[in-house]
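Undergrad: predicted coordinates and the sequence they were generated for:
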Amino acid sequence: MVGPNRPQFVLFGSSIVEFSYGDHGWGAILADIYARKADTLVRGYAGWSSRQALQVLDQVFPKDAALQPSLVIVYFGGNDSMLPLPSALGLHDPHVPLAEYVENMRKIAIHLKSLSEKTRIIFLTAPPVDKAEICRTYGDKIAELRTNESCRIYSEACLKLCQEMNVKAVDLWTVLQKEDGWESACFTDGIHLSAEGSKIVVKEIMKVLREADWEPSLHWKALPIEFESLLPNYLVSSDTKTMLSEASSIRHMQWE
């Protein structure tokens, strides 16, 4: 562990988390926003459901860790909500029945809440899917297993659980479909997020962080920057310093 210790933000989930550090991904955007303020750690596992997540929960989030995360953003549901794979395919079946999914997510929330009094949680629901693009990219058989209706059902179940457990949530199924032409704008293959989709996810996360009555606040404006920010006079003029400062403000303005 390098120091000084910063707040830790952990992204925990399946492929939408694992791929979030890709080009203009939502994990990368969060890491940029919180540079010198918090460490953003990715614990993403493509193909996983809430069932696999529950099996490694103690390893990913040990209760006896010296430093516990300040924020955990959890995403499981897209794979859980897939229709059951035909046994004849002989493949790993990510489908998790709805009742089991809800209980798995409940257990994840209980475990994360037990880590520390200051550990905050945001759940991301199952997003919508673009069946036509899934068909073009992965073929008819995979497209038949992922439906927007199933994603809606799992998303609503997650939101209901969050309300019951007082856990913050982002309703990806709804917010992504508000974008004009969301099918092509928000996804690369009908399932995984594009740069535009990632921007929407970050805006919703930042909205939660801005509005939450958490003490201390985890919004980027509320966190102190690590060490004094210096630009040596012999490298840049005062005008350049002003320009860079303004550019930084503009860069972050969209996330306010």
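TA: Arrived safely.

Undergrad: would you quantify the distance from residue 138 to residue 86?
TA: 15 Å (Cβ to Cβ, to the nearest Å). The C-beta positions use only the backbone N, C-alpha and C, and glycine is treated the same way.

Undergrad: do you know the pLDDT at residue 4?
TA: pLDDT, residue 4: 80.

Undergrad: give the contact list for it.
TA: Taking Cβ atoms under 8 Å, 6 or more residues apart in numbering, we find residue 4 in contact with residue 226.

Undergrad: ok but it is inside a strand, no?
TA: No: using DSSP: H, G, I helix; E, B strand; the rest coil, the secondary structure at residue 4 is coil, not a strand.

Undergrad: just confirm residue 227 contacts residue 36, I think it does.
TA: Yes: if you go by Cβ atoms under 8 Å, residue 227 and residue 36 touch, sitting 7.4 Å apart.

Undergrad: strands of the stretch 101-250 of the chain, start to end?
TA: Here the stretch 101-250 of the chain has its strands, by DSSP state E, counting those that start in this stretch, at 120-124, 168-170.

Undergrad: of these, flag the one that's most buried.
TA: Ranked by mean neighbour count, the strands of the stretch 101-250 of the chain are led by strand 120-124 with a mean of 23 (mean count of other Cβ atoms under 10 Å).

Undergrad: check which helices and strands it sits against.
TA: Helices and strands touching strand 120-124, by 3 or more Cβ pairs under 8 Å, 6 or more residues apart in numbering; DSSP states H and E, are strand 71-75, helix 98-113, helix 148-165, strand 168-170, helix 195-211.

Undergrad: higher neighbour count, residue 138 and residue 86?
TA: residue 138 (15 against 12; other Cβ atoms under 10 Å).

Undergrad: on that earlier part again, could you identify which of the helices and strands packed on strand 120-124 is most buried?
TA: strand 71-75 (a mean of 26).

Undergrad: what residues does that strand touch?
TA: 7-14, 16-17, 38, 61, 105, 108-109, 112, 119-124, 205, 209, 218.

Undergrad: still on that earlier bit, so which of the helices and strands packed on strand 120-124 is nearest residue 22?
TA: helix 195-211 (8.8 Å; Cβ to Cβ).

Undergrad: now that closest one: average pLDDT?
TA: pLDDT averaged over helix 195-211 gives 96.

Undergrad: quick one, it and strand 120-124 angle?
TA: Interaxial angle, helix 195-211 versus strand 120-124 (axes from the mean of the first three to the mean of the last three Cα atoms, to 10 degrees): 150 degrees.

Undergrad: which residues does helix 195-211 contact?
TA: Contacts of helix 195-211 (Cβ under 8 Å, 6+ apart): 20, 23-26, 29-30, 33, 71, 73, 122, 124, 127, 168, 170, 172, 175-176, 179, 185-187, 193, 217-220, 254-256.

Undergrad: now do 7 Å
TA: 24-26, 29-30, 73, 122, 168, 170, 172, 175-176, 179, 185-187, 193, 218-219, 255 (Cβ atoms under 7 Å, 6 or more residues apart in numbering).

Undergrad: wait, a helix at residue 11?
TA: No: applying three-state DSSP, one finds residue 11 to be strand, outside a helix.

Undergrad: between residue 227 and residue 36, point out the one with more neighbours.
TA: Counted by other Cβ under 10 Å, residue 227 and residue 36 do not tie: residue 36 has more neighbours, with 11 against 8.

Undergrad: settle this for me: that one is touching residue 226, isn't it.
TA: Yes: the pair residue 36 and residue 226 passes the contact test of Cβ atoms under 7 Å, sitting 4.6 Å apart.

Undergrad: what's the neighbour count on residue 224?
TA: By other Cβ under 10 Å, neighbour count at residue 224 equals 8.
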